[in-house]
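Peer 1: just a sequence and a predicted model for now, questions to come.
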Amino acid sequence: MPKLSLHPDRLFPADPTTRAIARELYAQVAGLPIVSPHGHTDPEWFATNAPWSNATELLLAPDHYLFRMLYSQGIDLDALAVPRSGGVFPDTDPRDAWRTFAANWHLFRGTPSSMWLNHVFSEVFGIDVALDAGSADHIYDAIGAALATPAFRPRALFERFNIELLATTEGAADDLAHHKAIQTSGWSGRVVTTYRPDSVIDPEHDSFSRDMARFAQLSGEDVSTWHGYLAAHRKRRADFRALGATATDHGFLTPRTANLSRVECEALFGKVMGGKASADEAELFRAQMLTEMARMSLEDGMTMQIHPGATRNHNARLFASHGRDKGADIPRGTEYVEALRPMLDLFGNEPDLTVILFTLDETTYARELAPLAGHYPCLRLGPAWWFHDSPEGMRRFREMTTETAGFYNTVGFNDDTRAFLSIPARHDVARRIDCGFLARLVAEHRLADWEAAELAHELTVGLVRKAYGLQAPVREAVPA
């Protein structure tokens, strides 16, 4: 079986002088804790601390980065044990699914998924052979044996990974039972929630009617009126904050905002609740609600994240059979300057509001996003996201935003993942890329070495804590 090894200089610049600087910077931040303020891991893992059963359940079936590539090569999701709509699992043996995955592992050469999963194999499980058809059973069994031990329970891995904070994402219609269980369990790990109200804001969401009913029940408000609907959001936000939330998240197709009068809002809301809103009116309602969410964030201090630009569930047949989040979300062009103007006219100059902007449209980095964040006090730039969460994507982000927005109008790194065991790998990649970028600035005499050391620390933990209102641990060492 071919050997697996991780080179200590992976992702560092090829130039020897710059590489040496990057090594030195990385050594100062490699051991810092992981701050993960935005992600999609399952809070039930940490509430119950139950063991995972096998490699397929843990690493393959939940990870759309993996199965979307396999699907593109004609491999059916049922063959990979990916659950269908409603959480119904196909009658596929997990070992067979893993063998199919292993036989096609070559498809991931050069991709971030290859880096992340090889890190998991080597650093988390101590596996020293490369994945392929010949090693599939060996690796499957090695992972299974490890998962059966207490050291590989969710909470033990959380502590081993040196995670300072992990945020999950729940909807406005979620009862937060798992987070309540975590909070009362006596465990010291900090797992918090994030308020994602999309399904009760987007009239075109497939769960809108069902979730609105649950939203009313959980909030105790009459959500059939505009006043009651806004009050319900405030109550649910307070519920989330009580369980540690410091942020909200909004993932509509566009970042369009609006500033309608109360009379206009009430009339539009009436159409939405009556099921009579046109597509344009549904878009206007989402736009107004982004402004309302910013207003509420200014009131309660929650950081607001806007993740636009993904055409969700582009594959209609796959959506019908398997539901959401199955690798069929496709990026599209996104405009920010005029889209955000109504909200910025109201709140853009508020230093007590933090709105973090993400994009899947890299053409906007230098033209729109960096200039906006480099001016408005409320705006910050989120890191390279989703399809650009890669070494090249991270480098492009720094190259296209730093000259206009600087480093301090960005917010460090967040992994935005459902794949829990890949979190250390993803953060390690970000630290290596940032240290390489800083090393180049030092080598070109654009930064002093001590400035680069301070920035490496800020990009790793400092900026993310500030952006999400998190407290640094006592006595954490800061580069001299």
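Peer 2: Received, thanks.
Peer 1: now D280: which helix or strand?
Peer 2: For D280, the host element (DSSP states H and E) is helix 279-300.
Peer 1: give the other helices and strands that the helix or strand just after that helix contacts.
Peer 2: Proceeding N to C from helix 279-300, the next assigned helix or strand is strand 303-306, under DSSP H and E. Packing partners of strand 303-306 (3 or more Cβ pairs under 8 Å, 6 or more residues apart in numbering; DSSP states H and E): strand 247-250, helix 279-300, strand 355-357. Yep, even glycine has a C-beta here, placed from its N, CA and C like the rest.
Peer 1: export those to a markdown table and tack on mean neighbour count?
Peer 2: Converted to a markdown table, the helices and strands packed on strand 303-306 look like this (neighbours: other Cβ atoms under 10 Å):
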| stretch | mean neighbour count |
| --- | --- |
| strand 247-250 | 24 |
| helix 279-300 | 19 |
| strand 355-357 | 26 |
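Peer 1: kindly reformat these as CSV containing mean pLDDT and distance to R465.
Peer 2: What follows is the helices and strands packed on strand 303-306, written out as CSV (pLDDT from 0 to 100; distance: least, Cβ to Cβ, whole Å):
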stretch, mean pLDDT, distance to R465
strand 247-250, 98, 12
helix 279-300, 98, 18
strand 355-357, 98, 13
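Peer 1: which one of the ones you listed lies closest to G382?
Peer 2: strand 355-357 (4.7 Å; Cβ to Cβ).
Peer 1: return the distance of that closest one from the chain's centre.
Peer 2: With Cα atoms, centre = their mean, to the nearest Å as the basis, strand 355-357 stands 13 Å off its chain's centre.
Peer 1: how close does the most centrally placed residue in the chain get to H64?
Peer 2: For the chain, D416 is the residue whose C-alpha lies nearest the centre (Cα atoms, centre = their mean; 1.6 Å). Using Cβ to Cβ, to the nearest Å, D416 is found at 12 Å from H64.
Peer 1: tell me the secondary structure at A181.
Peer 2: Under DSSP: H, G, I helix; E, B strand; the rest coil, A181 falls in the helix class.
Peer 1: was I right about it contacting A47?
Peer 2: Yes - counting by Cβ atoms under 8 Å, A47 is a contact partner of A181 at 4.0 Å.
Peer 1: the two: which is more packed in?
Peer 2: A47 (21 against 15; other Cβ atoms under 10 Å).
Peer 1: quick one: residues contacting the more buried one.
Peer 2: 177-179, 181-182, 185 (Cβ atoms under 8 Å, 6 or more residues apart in numbering).
Peer 1: L4 too?
Peer 2: 118, 121-122, 127-131.
Peer 1: and S188, how many neighbours?
Peer 2: S188 - counted by other Cβ under 10 Å - has 8 other residues nearby.
Peer 1: could you check how far L455 is from A320?
Peer 2: Distance from L455 to A320, counting by Cβ to Cβ: 48 Å.
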